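Undergrad: okay, structure incoming, though there's no sequence with it:
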């Protein structure tokens with residue numbers, strides 16, 4: 001075992017032992033939403049629905065999107081300006097009609113999001129979701145992404161076309177390597 005791997009495993013083991021000893025995580029599963037700290041349950045549900053519409057994937061579970069909401073909630077707990085931005089943004093989405101955003105059809109949600117896609121609220125949710133969702137190794141597996149390729153010399157000769165859910169590009173877009 002290499003030193004780096006030893007340190008990583010030791011840190012994970014120590015963190016897990018500390019969490020178990022303190023009772024953290026008891027009763028919560030991966031599918032359970034985290035308890036709100038800065039955002040209430042409705043705000044979290046709205047952000048969850050919003051994130052699902054911005055980055056829709058049939059292969060991803062609610063728990064994958066919940067990690068985005070958890071990240072937004074953590075940022076809101078640390079920064080009052082972020083909390084206000086998210087609360088006001090959810091209120092704005094809900095004030096667009098007689099029905100709350102979470103109760104709208106998928107088509108209506110997309111239409112509502114298109115109206116606000118240049119606002120700081122939308123940009124905050126989109127940029128946070130981009131990182132929190134696509135930097136998740138569980139999501140990588142579900143989408144068929146094998147991870148970084150530097151250790152195998154890059155993708156030019158390894159795994160470039162491994163994503164079976166994408167259509168094959170035209171021949172001119174993929175010239176043969178020299």
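TA: Thanks, I have the structure now. Bear in mind that the values here come from a model prediction, so they are computed numbers and not experimental data.
Undergrad: wait, residue 74 sits on residue 39?
TA: No: applying C-beta atoms under 8 Å, one finds residue 74 not in contact with residue 39, separated by 10.0 Å. Quick note: C-beta positions are derived from backbone N, CA and C, even for glycine.
Undergrad: more neighbours, those two?
TA: Neighbour count, other C-beta atoms under 10 Å: between residue 74 and residue 39, residue 39 has more, with 22 against 17.
Undergrad: could you pull out the helices for the chain?
TA: All helices of the chain, identified by DSSP state H, fall at 3-22, 41-54, 62-78, 80-94, 106-115, 120-134, 137-143.
Undergrad: quick one, which of those helices is nearest to residue 151?
TA: helix 3-22 (13.2 Å; C-beta to C-beta).
Undergrad: pLDDT (mean, whole number) over the closest one?
TA: Taken as a whole, helix 3-22 has a mean pLDDT of 53.
Undergrad: and the helices of the chain as TSV, adding distance to residue 176?
TA: Listed next are these as TSV, based on distance: least, C-beta to C-beta, whole Å:
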stretch	distance to residue 176
helix 3-22	37
helix 41-54	36
helix 62-78	36
helix 80-94	48
helix 106-115	40
helix 120-134	29
helix 137-143	27
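Undergrad: rank these by pLDDT, which is bottom?
TA: It's helix 3-22: among the helices of the chain, that one has the lowest mean pLDDT, namely a mean of 53.
Undergrad: what about the residue nearest to the spatial centre of the chain, distance to residue 84?
TA: In the chain, the centroid-proximal residue (C-alpha atoms, centre = their mean) is residue 133; its distance is 2.5 Å. Remark: distance between residue 133 and residue 84 (C-beta to C-beta, to the nearest Å) = 24 Å.
Undergrad: over to residue 37?
TA: 15 Å.
Undergrad: how many residues are close by residue 140?
TA: Residue 140 has 14 nearby residues by other C-beta under 10 Å.
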